[in-house]
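J.: Make a model of this:
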Amino acid sequence: DIRYTLDGSAPEIASLKYLNPINLTETTNIKASLFENDQPVGKVFNKTIKFHKGIGKKVVYKGIYSDSYQGAGEFGMVNSLRGTKNFHDGQWQAWLDKDMEVVIDLEKDTAIHEVTVGSMENQGPGIYFPSKVSVLVSHDGETFQEVGNIKRAYAKSGASELKDFVIQFDELQARFVKVIATNLKTIPSGGGVWLFVDEILID
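T.: Next comes the predicted model:
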C-alpha cells in the first residue's frame with residue numbers, strides 16, 4: 001500500500017490510501033510512504049507542489065532546448081515540478097552555449113509582482129548558473145518592457161547547487177511574460193557551457 005497526507009503530517013496506517021491520481025488546486029505539501037504489514041517502509045516521499053499563475057500556460061521558445069535535456073516538454077517550465085541535483089531526473093531543460101528565451105502566455109491580463117527562475121550549477125559536467133536573468137512583460141505579445149533583472153558573476157565552485165533567481169517588481173497587469181536567462185558561454189577552462197532551468201514561477 002501507499003498512504004499519503006496533504007496536511008504536512010507524517011503518513012500512518014490511518015492515512016489515505018493512494019488509489020487514483022490526486023487532484024490539487026492550491027499549493028500543497030504531499031507526504032507519502034509505502035506500507036507493509038501496516039508499517040511504513042523506506043524513505044518518506046516529501047514534496048511541496050507550488051501553484052503559481054503560470055501553471056499549465058502556453059510557453060513559446062525562442063531557440064528550443066537540447067534534445068539531451070527536454071524536461072517535461074512544452075509544459076516543463078510551468079508544471080510545478082522542480083528538478084533535483086540529479087540533472088538526469090527528467091525535470092530539467094538545458095541549452096548548450098545558448099541563452100534561454102521563453103514567453104509565457106497567461107491568457108489574460110493578470111496581476112503579477114514576482115518571477116522566479118530555477119537553475120542549477122554543477123561545474124564538473126559543465127553546468128553553470130546564468131550570468132543574467134531578465135524579465136519583460138507585455139499586454140499584446142509584441143511590445144515588451146523590462147521590469148527587472150539579476151546579474152551573477154562567474155565564481156569557481158566544486159559543489160552542486162540549486163538556486164532560485166527571484167525578480168521582484170511593483171505589482172502590474174500583464175498577459176505575456178518573457179524570461180531571458182543568459183548563458184555564461186565562456187569559462188576559464190574552455191569547453192561547452194550548459195544552462196539548466198527547471199521551472200519558471202509567476203506570482
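J.: which helices and strands does the lowest-mean-pLDDT helix or strand in the chain pack with?
T.: The weakest-scoring helix or strand in the chain, judged by mean pLDDT, DSSP states H and E, is strand 39-49 (a mean of 92). Packing partners of strand 39-49 (3 or more CB pairs under 8 Å, 6 or more residues apart in numbering; DSSP states H and E): strand 28-36. All C-beta atoms are positioned from the backbone trio N, CA, C, and that covers glycine.
J.: Pull out the CA atoms of the strand it packs on and give them to me as PDB.
T.: Written as PDB, here are the backbone C-alpha positions of strand 28-36 (Å, rounded to 0.1, in the frame of the first residue of the first chain):
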ATOM      1  CA  THR A  28       0.100  21.500  -1.200                       C
ATOM      2  CA  ASN A  29       2.700  19.500   0.700                       C
ATOM      3  CA  ILE A  30       2.400  15.800  -0.100                       C
ATOM      4  CA  LYS A  31       4.000  13.200   2.100                       C
ATOM      5  CA  ALA A  32       3.700   9.500   1.100                       C
ATOM      6  CA  SER A  33       5.100   6.200   2.300                       C
ATOM      7  CA  LEU A  34       5.000   2.600   1.300                       C
ATOM      8  CA  PHE A  35       3.300   0.400   4.000                       C
ATOM      9  CA  GLU A  36       3.900  -3.300   4.500                       C
END
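J.: Please spell out which residues along stretch 150-166 are buried.
T.: Buried residues in stretch 150-166, counting neighbours by 16 or more other CB atoms under 10 Å, are found at 150, 152, 160, 162, 165.
J.: ditto for stretch 172-188
T.: Within stretch 172-188, the residues that count as buried by 16+ other CB under 10 Å are 174-184.
J.: got these as CSV, with secondary structure, pLDDT and distance to P130 columns?
T.: CSV is the format used below for the buried residues of stretch 172-188 (DSSP: H, G, I helix; E, B strand; the rest coil; pLDDT from 0 to 100; distance: CB to CB, whole Å):
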residue, secondary structure, pLDDT, distance to P130
A174, strand, 98, 22
R175, strand, 98, 25
F176, strand, 98, 21
V177, strand, 98, 17
K178, strand, 98, 15
V179, strand, 98, 10
I180, strand, 98, 9
A181, strand, 98, 4
T182, strand, 98, 5
N183, coil, 98, 7
L184, coil, 96, 7
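J.: wait, which of those residues is closest to K98?
T.: Nearest to K98 out of these is N183 (CB to CB; 5.8 Å).
J.: And the contacts of the least confident helix or strand of the chain?
T.: With CB atoms under 8 Å, 6 or more residues apart in numbering as the test, strand 39-49 has contacts from 4, 10-13, 24, 27-35, 80-81.
J.: can you give me the strands for this structure?
T.: For the chain, the strands defined by DSSP state E cover 2-5, 16-17, 28-36, 39-49, 58-61, 93-96, 100-122, 132-138, 145-151, 160-182, 194-202.
J.: Thank you kindly, that will do.
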